[in-house]
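Asker: Take this sequence and fold it.
(2 chains)
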Amino acid sequence: MLQVNFIKTNREAVLKGLAKKHFSEIALVDQIIFLDDERKKLQFELDERQSKINAFSKEIGQLMAKGDKRLAEEKKLEVASLKSFLEPVTEKLNAVENSLHLNLIKLPNLPHTSVPEGKTPEENEVVREGGQKPTLPNNALPHWDLAKKYDLINFETGNKVTGSGFPFYKNKGAKLQRALIQYFLDFNTAAGYTEYEPPFMVNEASAYGTGQLPDKEGQMYHVTLDNLFLIPTAEVPLTNIYRDEIIKENELPIKMTAYTPCFRREAGSYGKDVRGLNRVHQFDKVELVQLVHPEKSYDVLEEMLLHVEKLLQSLNLSYRILRLCGGDMSFTSALTYDFEVYSAAQQKWLEVSSVSNFEAFQTNRMKIRFKGDGKTQLVHSLNGSSLALPRIVAALLENNQTEEGIMLPGVLHSYFGNDRI
RNA sequence: GGAGACUUGUCCGAGUGGUUGAAGGAGCACGCCUGGAAAGUGUGUAUACGGGAAACUGUAUCAAGGGUUCGAAUCCCUUAGUCUCCGCCA
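Answerer: Predicted coordinates for the structure are as follows:
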């Protein structure tokens, strides 16, 4: 959520930023400014009245103490008439505050200046590529066939037991999941991230805090009986740890990592892109979240980028880093880098990580602040995947297939207990 | 799931209708003291939204929401959470 004062003092910049994000309801901006002025007026009016009432009440108290009942009774009547004015103003103020808030949460975050213009994924900017694309024989198999061949993943059973998009991992497939999770977590904690195992369901306030609610409830699984939501990413419980808290400046940066399953209803799925592990409703992911001093968030973003890059390099995968264009970025992000891994058998890039700086957009909703220079201000939040497993698994299987089995990268050997599948 | 007790500021803790945003203590910050530290000592130390150039000042907030009252941290209701006992359970 953008800060009203920022919108008011930077109206032009806000409009420009929204245009870059291809946000169409720009009338909201002036609406918000209008409503906020209205809010202030009403607030002032209300405070004035309340102040008078408070003063009178105090007097009544003093009169009662002196035993001057008659004068006290007179004052009571005066207060009563003042109070009758209070209610309509309060109601108006509430109404204005509500619609101000409703409008405010409709505005997406503003893109950073380095965000490229553009509307579609094709217009994302390739920052750099790394690793080597493997050359596979002509009879190379896509991962769904490899999964069958080595009995690693069973999609059909998942369909039967739960539904499509809920695969069973089996045998070495299950063990590979465990190895990857363990490796990723160790890699992250070695870099100073604190490991968490958070709840896999969150309440409404938390889903709201990270921006899943309102509007995007369709993307989450909702446990209606208890009004809880299955988390679409560990970002939600992790960031919400600090909701409504004021952090001491010397405790920043706060670096957190967690493995969780992620649950996504993914309304718009289609065709070839959803084959095998390319898109599923439940998948495993290790996530990074940082809460940092606002002046440092872009340095931290670069640091997280390098961190994830190192992780991908250690897996010997061919990857590229994209800087997302304004139209392809998420609602909450100010700058996002996507990591894609090359799947040799499918001959396409698969997104495996998304590293974003949200600046104060999330923390303004969650009121995560810190105290520095005597002032209380919002921290910046960032997150990144390190990594989402399914597509990593897809690439590992496809890119490393040989006659002798699937050769795993060295860093996984000890975790997996073998050098190949 | 049942019964009871409880929920006050960063923390501990006082406070059962009237200058209480909240005693007292701890912590923290700054100053004095010290060769340095500890001890001692002085001052300061919540958040949000307003007004004001500023000094300063108004309103709200004692789990959350509602109610009673001229006035509520204090009384009533609802919800959530914590603890204890019982039940159930991996």
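
Asker: ok, residue A:221 to residue A:264 distance?
Answerer: Note on residue A:221: its distance to residue A:264, by Cβ to Cβ, to the nearest Å, is 8 Å. Just so you know, the C-beta spots here come from the backbone N, C-alpha and C atoms, and that holds for glycine as well.

Asker: When these two are compared, which one has more neighbours?
Answerer: Shown here are residue A:221 and residue A:264; by other Cβ atoms under 10 Å, residue A:264 has more neighbours (19 against 16).

Asker: so what's that one closest to, chain neighbours aside?
Answerer: Nearest residue to residue A:264, sequence neighbours excluded (Cβ to Cβ, 6 or more residues apart in numbering): residue A:232, at 5.1 Å.

Asker: And for residue A:97?
Answerer: residue A:39 (6.0 Å).

Asker: And for residue A:38?
Answerer: residue A:96 (5.1 Å).

Asker: ok, and for stretch A:210-229, which residues are buried?
Answerer: A:210, A:211, A:212, A:213, A:220, A:221, A:222, A:228, A:229 (16 or more other Cβ atoms under 10 Å).

Asker: wait, I meant stretch A:306-322
Answerer: A:307-309, A:311-312, A:315-322.

Asker: can you tell me the average pLDDT over it?
Answerer: Summarised as a single mean, pLDDT over stretch A:306-322 is 95.

Asker: what's the answer for stretch A:9-16, then?
Answerer: Mean predicted confidence for stretch A:9-16 is 91.

Asker: Off-centre distance for stretch A:26-44?
Answerer: Distance, stretch centre to chain centre, for stretch A:26-44: 28 Å (Cα atoms, centre = their mean, to the nearest Å).

Asker: That one vs RNA strand B: in contact?
Answerer: Yes - using Cβ under 7 Å from any atom of the strand, stretch A:26-44 reaches RNA strand B at A:36, A:39, A:40, A:43, A:44.

Asker: could you flag which of those are buried?
Answerer: A:36, A:39.

Asker: Could you provide the residues of stretch A:26-44 next to RNA strand B in JSON lines, with additional columns for distance to residue A:256 and pLDDT?
Answerer: As requested, these are exported to JSON lines (distance: Cβ to Cβ, whole Å; pLDDT from 0 to 100):
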{"residue": "A:36", "distance to residue A:256": "34", "pLDDT": "92"}
{"residue": "A:39", "distance to residue A:256": "35", "pLDDT": "91"}
{"residue": "A:40", "distance to residue A:256": "38", "pLDDT": "90"}
{"residue": "A:43", "distance to residue A:256": "37", "pLDDT": "88"}
{"residue": "A:44", "distance to residue A:256": "42", "pLDDT": "89"}
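
Asker: Low-confidence stretches in chain A?
Answerer: A:267-274, A:372-374 (pLDDT under 70).

Asker: longest helix anywhere in it?
Answerer: As assigned by DSSP state H, the longest helix anywhere in chain A is helix A:27-66.

Asker: Just name whatever secondary elements that one is in contact with.
Answerer: helix A:4-9, helix A:11-20, helix A:69-104 (3 or more Cβ pairs under 8 Å, 6 or more residues apart in numbering; DSSP states H and E).

Asker: Show me which positions of the second one end up buried.
Answerer: If I follow you right, that is helix A:11-20. Buried residues in helix A:11-20 (16+ other Cβ under 10 Å): A:14, A:15, A:17, A:18, A:20.

Asker: Please apply the same query to the shortest one.
Answerer: Residues of helix A:4-9 classed as buried by neighbour count (16+ other Cβ under 10 Å): A:4, A:7.

Asker: neighbouring contacts of it?
Answerer: Outside helix A:4-9, the residues that touch it by Cβ atoms under 8 Å, 6 or more residues apart in numbering are A:14, A:29, A:32, A:33, A:36, A:100, A:104, A:107.

Asker: ok, now with 10 Å
Answerer: By Cβ atoms under 10 Å, 6 or more residues apart in numbering, the residues outside helix A:4-9 that reach it are A:3, A:13-15, A:28-30, A:32-33, A:35-37, A:39, A:100-101, A:104, A:107, A:110, A:360, A:364.

Asker: Count the residues that sit near the residue lying closest to residue A:46 once chain neighbours are set aside.
Answerer: Once flanking residues are discounted, residue A:46 sits nearest to residue A:89: 5.1 Å by Cβ to Cβ, 6+ apart. Residue A:89 has 16 neighbours, counted by other Cβ under 10 Å.

Asker: isn't residue A:214 right next to residue A:331, touching?
Answerer: No - counting by Cβ atoms under 10 Å, residue A:214 does not reach residue A:331; the two are 11.5 Å apart.

Asker: where's the spatially closest residue to residue A:210 that is not a sequence neighbour, which helix or strand?
Answerer: Closest residue to residue A:210 apart from its sequence neighbours, by Cβ to Cβ, 6+ apart: residue A:236 at 4.8 Å. Assigned by DSSP states H and E, residue A:236 belongs to helix A:235-240.

Asker: Thanks a lot, see you next time.
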